[in-house]
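In: Here is the input, now give the coordinates:
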Amino acid sequence: MRRRVIPAAVVVTAAVAVLAGAALALSGGDGGDGGSAAGPVPTASRTPQVSPSPRQPVVSTPPPTQPAQPTPPPQASPTRPPAPTSTPSLPSDREPVSAPIDALDVRVLESAPPQYVLHVQAGLPSGCAQKYLHTVARNGNVISVTVLNSMPKGNPICTLIYGMYELNVNLGSDFASGTTYTVNVNDKTVSFTAQ
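Out: Numbering: from 1, shown residues only. Down below sits the predicted model:
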């Protein structure tokens, strides 16, 4: 009995035809015969293509903008000392009194124009005395600074303990170079020549 040899090209062609037919059946095609008796073959699940609804708003991302530069806070004029914000109120059983002044000097800050600061060492003459407030006024070349403590009204018994505190009072920068200025603080005086 003779064996029949089938050429490889025929085998490959037949295999491709079988695979193509299977693929066509899976895709729901009718293969040109008007449909199969068993009906369409279910296809593999596909991802549905969803088009946006005409009523649905289209959201677009705005282009990146430059970050806003912070606006520097307005600065007080360097020519005048800052005005006191408000006078703190005292309890009804206390009254303001002048503070004893133990030491005074004027310091110059390294700035342009130079800023001048009055350094005050004030006293609390008894255990009842408390630091209260200070005020600054200027008339030409004379600067008047008032430093106040508060004391109880009447004649209470207080401990005889002497305390101290320090103040740095901004005098501003509105000073003519080479001119001498006088600073009066309660009963003490100091002078300085502007740079």
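In: drop to CA atoms for contacts and neighbour counts, all remaining ones
Out: Noted.
In: can you give me the helices in the protein?
Out: Secondary structure of the chain (DSSP state H): helices located at 8-26.
In: where in it is pLDDT low?
Out: Low-confidence segments of the chain (pLDDT under 70): 1-86.
In: got the residue ranges for the strands in it?
Out: Shown for the chain, the strands assigned by DSSP state E span residues 94-98, 101-109, 115-124, 130-139, 142-152, 163-172, 180-185, 188-193.
In: What helices and strands are in contact with the shortest one?
Out: So that's strand 94-98. In terms of contacts (3 or more Cα pairs under 8 Å, 6 or more residues apart in numbering; DSSP states H and E), strand 94-98 is packed against strand 142-152.
In: helices or strands up against the strand it packs on?
Out: By 3+ Cα pairs under 8 Å, 6+ apart, strand 142-152 packs against strand 94-98, strand 130-139, strand 180-185.
In: Identify each buried residue in the first one, please.
Out: Within strand 94-98, the residues that count as buried by 16 or more other Cα atoms under 10 Å are R94, P96, V97, S98.
In: And stretch 175-189, by the same measure?
Out: So for stretch 175-189, counting by 16+ other Cα under 10 Å, buried means F175, Y181, T182, V183, N184, V185, T189.
In: Just give the closest residue to the fifth one, not the sequence neighbours.
Out: Which is N184. Nearest residue to N184 in three dimensions, chain neighbours excluded: S144, at 4.9 Å (Cα to Cα, 6 or more residues apart in numbering).
In: Return the set of residues that bridge with that neighbour.
Out: Bridge pairing for S144 (DSSP bridges) gives the partners A137, N184.
In: any idea how far it lies from E110?
Out: Applying Cα to Cα, to the nearest Å, the value for S144 to E110 is 24 Å.
In: likewise E166?
Out: 21 Å.
In: Kindly report the same for I101.
Out: 26 Å.
In: sorry, back to before: which of E166 and E110 has more neighbours?
Out: Under the neighbour definition other Cα atoms under 10 Å, E166 and E110 were set side by side, and E166 has more, 15 against 9.
In: residues in contact with the more buried one?
Out: H119, V120, Q121, A122 (Cα atoms under 8 Å, 6 or more residues apart in numbering).
In: so which of those residues is the most crowded?
Out: A122 (22 neighbours).
In: bridging residues for that one?
Out: I101, Y165.
In: next one: V106
Out: Bridge pairing for V106 - DSSP bridges - gives L118.
In: tell me the contacts of it?
Out: V106 makes contact with Y116, V117, L118, H119, V190, S191, F192 under the criterion Cα under 8 Å, 6+ apart.
In: In contact with the second one: list those residues for me.
Out: With contacts defined as Cα under 8 Å, 6+ apart, the neighbours of V117 are V106, R107, V108, L109, N168, V169, N170, L171, G172.
In: Tell me the spatial nearest neighbour of the second one, not counting adjacent residues.
Out: Closest residue in space to R107, ignoring its immediate chain neighbours: V117 at 5.2 Å, by Cα to Cα, 6+ apart.
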